[in-house]
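Undergrad: Give the three-dimensional model of this entry:
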Amino acid sequence: MVITKHSAKRAKERFGLNKKSVPQNAEKALRYGLTHAETKGALKKYLDKLYFQNETANNIRVYHRCVYIFCDNVLVTLFHLPRELQNTADKLQRRKQESASQNNHDAFPNLNNGVNI
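TA: Have a look, this model is predicted:
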């Protein structure tokens, strides 16, 4: 993961993040953020618009009401998600988390086979 000077500056300016927390947040955005394929409706159209405005961007993620724009594994910039799209993003993020936790639950079945110890 590479953090550009521009993205570090924007993270501090727009979100108050220090230099050490920017890579951690970017990593979480890559891992847990909403991808273009996971969005729908107006949020999907907004990400389409961003993609065509930032031609170098090949990976756009929405995470905690923030938009992270990556080019491969390089964080190019980040900014706030527009207010009118935040509820949609929150709902989709919750669904993604619930799905992931359900999948993890299935991957690790109860080891005591239903016997209370």
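
Undergrad: Quick check, residue 14 in contact with residue 78.
TA: Yes. With contact defined as C-beta atoms under 8 Å, residue 14 counts as touching residue 78 (7.1 Å). Glycine gets a C-beta too; all of them are placed from N, C-alpha and C.

Undergrad: give me every residue that touches the residue nearest the centre of the chain.
TA: Centroid check for the chain by C-alpha atoms, centre = their mean gives residue 33 as the closest residue, at 2.2 Å. For residue 33, the contact set (C-beta atoms under 8 Å, 6 or more residues apart in numbering) comprises 61, 62, 63, 68.

Undergrad: so which strand or helix has the first one?
TA: Here residue 61 is covered by strand 59-63, with elements defined by DSSP states H and E.

Undergrad: Who are the packing partners of that strand?
TA: helix 21-32, helix 41-53, strand 66-71, helix 83-107 (3 or more C-beta pairs under 8 Å, 6 or more residues apart in numbering; DSSP states H and E).

Undergrad: Let me have the ones you listed in a markdown table, adding mean pLDDT and distance to residue 4 as columns.
TA: As requested, the helices and strands packed on strand 59-63 are exported to a markdown table (pLDDT from 0 to 100; distance: least, C-beta to C-beta, whole Å):
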| stretch | mean pLDDT | distance to residue 4 |
| --- | --- | --- |
| helix 21-32 | 93 | 10 |
| helix 41-53 | 93 | 17 |
| strand 66-71 | 94 | 9 |
| helix 83-107 | 84 | 24 |
